[in-house]
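J.: sequence unavailable; structure follows:
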Ligand SMILES: Nc1ncnc2c1ncn2[C@@H]1O[C@H](COP(=O)(O)OP(=O)(O)OP(=O)(O)O)[C@@H](O)[C@H]1O
Ligand SMILES: [Mg+2]
């Protein structure tokens, strides 16, 4: 559907509702957003500063907090590029080629979305745990996976695997291969085609997927919680650190650290809406 | 720069998209590939370009076997059915693309690229659009930019997939003449797909008629129209009345109708034959010297010509009327003839048949 008819339909639907109904519905939506989104955010901020600015800064700059921030950033730094690479490759294969097992791959990519993160973590325990298939071997050779960085990275990778691919597959399918074929017909090498045609056309969708992937990589709790072992100053990511502080009744410190994650969420939202807006504009200009 | 296609066969699963296709196109020719939707035109074009690989048979460009050569070595320019312009690049960059992606050693200088692109935009008369982006162009403009882009790399062969398919009738007409003049100027060996017979007749020096993945006939527009080799060609190119019947005692019989045959056609004796008669090969007579009798049911003025629809008039005693496709007979007259005869709906008139194509009954009428 092109954007003009879409706008017309929206306009017609708006005209059908009486002003009162529209007003009430908007109010209801606002109330729900306020109750479930704004209020918790405000609560986090209020609690974080309950013991004053000094206490906040202490909690944020605490040694263990700093380590947790570092670990979280490091994990994201490994997972996001790898999953971007995987997502682009998978989307490319699925959208451009017909091969045996194509629909199976499409389904498998969604697996991390449909499995509870805790279960995902437990699967890694099963594979690499002391009684598991492999870890005895890895740990014996000086490279432990569970309760160490590799486990955290693996769990995060698993959970964030679908984000980029999911974003790109429908986009690339809708765009079709014709412009790429045209580039090849004009003498471009596959590599030139990728950089000059394919990438520029998917860049906003790709960025969108990367932003979501990053947010989840930094915020993942369940799967990481299972495989990390919560070793302070060693295998504690930010979300786990918040939980530990909370369980130790250091409420304001817990909320102070939580503001970092909340800040990440807000930055992500802003970045996401900017990218969405750009993407929308690109589509509109492409379909007019 | 000739193109030879040799017994090319292409299957998708157990569906045969191209069935033993053989054709040759000479250097500098402009040939039209004509056929109904789904008959394999795009598949054939893509196979020649190298975007599709056939199951058997081969493709020779300038005498060299190119069947398994990659696209880049074929020097084929391709204009896609839906243009496939790069929406994120300006018109200028679109046309320049093929030059910019060349290996560094063969890449022209920036100034040379600039000049070449402007020449091409000049050629397609769209110089003033160089800075625009494809979504800001009309369909006809996009089509011409797509052509300029394909020509930028100086292809030896030009393949055009329904170049005017998505345009309205007036723009099509204009671009058609333009394409023919362009071809006269450049002399690139060209093959263009269309499902519009008028377009094929007007632009091409030869026409390839395809149906169900096979070539039905290959010839000049006049050959295709005047001596169709198969019933399909006869019905697909221009209008035609089909009369089912058989030949007996030196005459063609369709129901109770009878058409005496000239001596030369005696070989048809006893064969199950159908008569294919063009609307303009039928003359209307007021007098008794007619072959058949009809009543006019509908008159459609079409500018310089008149299209008439008539139904057979038959004696109840003589048995059923002729077997035609629709029960109606199409007749085409010049405006002059129509006025002279002072015809109108309801008139009973005689027909004189001037020319018939004969096709064997068993292979006709799907
Ligand atoms: N990738 C494919 N897989 C299966 N069947 C295909 C594929 N591509 C084409 N076909 C089939 O091959 C036949 C020929 O297709 P083709 O695109 O060559 O038709 P065409 O003559 O160009 O038709 P049109 O005038 O509608 O463009 C069609 O019946 C089509 O369904
Ligand atoms: Mg086609």
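T.: Alright, I've got the coordinates. Worth saying up front: this structure is predicted, and the values here are computed from it rather than measured. Ligands and ions are numbered 1, 2, ... in the order given.

J.: use CA for all of it now, contacts and neighbours both
T.: Fine.

J.: for the chain, what are the low-confidence residue spans?
T.: Unless you meant another one, I'm taking chain A. Chain A contains residues with pLDDT under 70 at A:1-17, A:135-136, A:283-288.

J.: wait, chain B was what I had in mind.
T.: Chain B contains residues with pLDDT under 70 at B:262-271, B:289, B:316-319, B:361-366.

J.: what residues does it have near chain A?
T.: For chain B, the residues found near chain A under the criterion CA under 8 Å from any CA of the partner chain are B:49, B:51, B:71-72, B:76-78, B:80, B:84-88, B:97-98, B:101-102, B:135-136, B:150, B:153.

J.: residue B:77 belongs to a helix?
T.: No: the assignment for residue B:77, made by DSSP: H, G, I helix; E, B strand; the rest coil, is strand rather than a helix.

J.: mind listing the helices for the stretch 151-288 of chain A?
T.: A:162-175, A:178-185, A:190-193, A:199-219, A:222-228, A:238-247, A:251-287 (DSSP state H, counting those that start in this stretch).

J.: re the thing from before, narrow the residues of chain B next to chain A to just the buried residues.
T.: Taking 16 or more other CA atoms under 10 Å in any protein chain shown as the criterion, what is buried in those is B:49, B:51, B:71, B:76-78, B:80, B:84-88, B:97-98, B:101-102, B:135-136, B:150, B:153.

J.: specify the residue ranges that define each domain of the chain.
T.: Using chain A. Domain ranges of chain A: A:1-48, A:51-287, per automatic domain parsing.

J.: nope, chain B please
T.: With domains defined by automatic domain parsing, chain B comprises B:3-236, B:241-365.

J.: most tightly packed of the ones you listed?
T.: domain B:3-236 (a mean of 19; mean count of other CA atoms under 10 Å in any protein chain shown).

J.: ok, that one near ligand 1 or not?
T.: Yes: on the criterion CA under 6 Å from any ligand atom, domain B:3-236 is in touch with ligand 1 at B:12, B:17, B:36-43.

J.: and those residues, which two are furthest apart?
T.: The distance between the two most remote of these (CA to CA) is 18.7 Å, for B:12 and B:36.

J.: nearest to chain B, out of the domains of chain A?
T.: Closest approach to chain B among those (CA to the nearest CA): domain A:51-287, 4.8 Å.

J.: the closest one close to ligand 1?
T.: No: in terms of CA under 6 Å from any ligand atom, no part of domain A:51-287 sits within range of ligand 1; the closest distance is 9.3 Å.

J.: most packed of the helices of the stretch 151-288 of chain A?
T.: Counting by mean count of other CA under 10 Å, the most buried of those turns out to be helix A:222-228, with a mean of 25.

J.: counting by contacts, list what that helix packs against.
T.: Packed against helix A:222-228 by the contact rule (3 or more CA pairs under 8 Å, 6 or more residues apart in numbering or on different chains; DSSP states H and E) you find helix A:117-128, helix A:149-160.

J.: contacts for it, please.
T.: A:117-122, A:124-125, A:146-149, A:151-152, A:155-156, A:159, A:235-236, A:240 (CA atoms under 8 Å, 6 or more residues apart in numbering or on different chains).

J.: helix, strand, or coil at the residue in chain A that ligand 1 sits nearest to?
T.: Relative to ligand 1, the nearest point of chain A is residue A:98 (9.3 Å; CA to the nearest ligand atom). Per three-state DSSP, the secondary structure class of residue A:98 is coil.

J.: ditto for residue B:9
T.: Using three-state DSSP as the criterion, the local structure at residue B:9 reads strand.

J.: who's in contact with it?
T.: Taking CA under 8 Å, 6+ apart as the test, what residue B:9 contacts is B:16-21, B:54-57.

J.: out of those residues, which are inside strands?
T.: Among the contacts of residue B:9, the ones falling in strands (DSSP state E) are B:16-21, B:56-57.

J.: ligand 1: which of the residues you listed is nearest?
T.: Checking the ones in strands among the contacts of residue B:9 against ligand 1 with CA to the nearest ligand atom, the nearest one is residue B:17 at 4.6 Å.

J.: residue A:21: neighbour count?
T.: When neighbours are counted by other CA atoms under 10 Å in any protein chain shown, residue A:21 registers 10.

J.: after the helix or strand hosting it comes which helix or strand?
T.: Counting by DSSP states H and E, the secondary-structure element that holds residue A:21 is helix A:19-33. Downstream of helix A:19-33, the next assigned helix or strand under DSSP H and E is helix A:39-48.

J.: list the contacts of residue 221.
T.: Defaulting to chain A. Neighbours of residue A:221 in contact, by CA under 8 Å, 6+ apart: A:239-240.

J.: my question was about chain B, not that one.
T.: B:200-201, B:204-207.

J.: filter those down to the ones in helices?
T.: Among the contacts of residue B:221, the ones falling in helices (DSSP state H) are B:200-201.

J.: nearest to residue B:115, of the contacts of residue B:221?
T.: Ranked by distance to residue B:115 (CA to CA), the contacts of residue B:221 are led by residue B:204 at 31.0 Å.

J.: gap between the closest one and residue B:180?
T.: As judged by CA to CA, to the nearest Å, residue B:204 and residue B:180 stand 8 Å apart.

J.: what of residue B:128?
T.: Applying CA to CA, the value for residue B:128 to residue B:180 is 23 Å.

J.: how about residue B:86?
T.: 26 Å.

J.: with residue B:92 instead?
T.: For residue B:92, the distance to residue B:180 - CA to CA - is 24 Å.

J.: isn't residue B:281 right next to residue B:351, touching?
T.: No: taking contacts as CA atoms under 8 Å, residue B:281 lies outside contact range of residue B:351: 10.1 Å.

J.: and for the two, which residues touch both?
T.: When contacts are counted by CA under 8 Å, 6+ apart, residue B:281 and residue B:351 have no shared neighbour.

J.: hey, where'd the helices end up in the stretch 1-150 of chain B?
T.: B:41-49, B:91-100, B:110-123, B:139-152.

J.: for the first one, what is the distance to the chain centroid?
T.: Going back to what we said before, that points to helix B:41-49. Put simply, helix B:41-49 sits 16 Å off its chain's centre (CA atoms, centre = their mean, to the nearest Å).

J.: now the ones in strands among the contacts of residue B:9 as CSV including distance to residue B:194?
T.: Formatted as CSV, those follow (distance: CA to CA, whole Å):
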residue, distance to residue B:194
B:16, 21
B:17, 17
B:18, 17
B:19, 19
B:20, 21
B:21, 18
B:56, 25
B:57, 24
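
J.: ok, these vs residue B:255, which is closest?
T.: residue B:19 (37.2 Å).

J.: output the contacting helices and strands for the strand or helix carrying residue B:183.
T.: For residue B:183, the host element (DSSP H and E) is helix B:169-186. In terms of contacts (3+ CA pairs under 8 Å, 6+ apart), helix B:169-186 is packed against helix B:197-203.

J.: mind listing residues that contact the helix it packs on?
T.: Residues contacting helix B:197-203 (CA under 8 Å, 6+ apart): B:30, B:32-34, B:176-177, B:179-180, B:194, B:207, B:221, B:236-238.

J.: can you rerun that using 10 Å?
T.: With contact meaning CA atoms under 10 Å, 6 or more residues apart in numbering or on different chains, helix B:197-203 is reached by B:30-36, B:164, B:172-173, B:176-181, B:183, B:192-194, B:206-209, B:220-222, B:224-225, B:236-238.

J.: what's the answer for stretch A:38-56, then?
T.: A:30-35, A:57, A:59-62, A:251-259, A:262-263.

J.: what of stretch B:98-117?
T.: The contact list for stretch B:98-117, computed with CA under 10 Å, 6+ apart, reads A:182-189, A:192-193, A:196, B:91-97, B:118-119, B:121-123, B:127, B:130, B:148-154.

J.: and if you look at stretch B:62-69?
T.: B:1-6, B:8, B:25-27, B:47-50, B:53-54, B:56-61, B:73-74, B:156.
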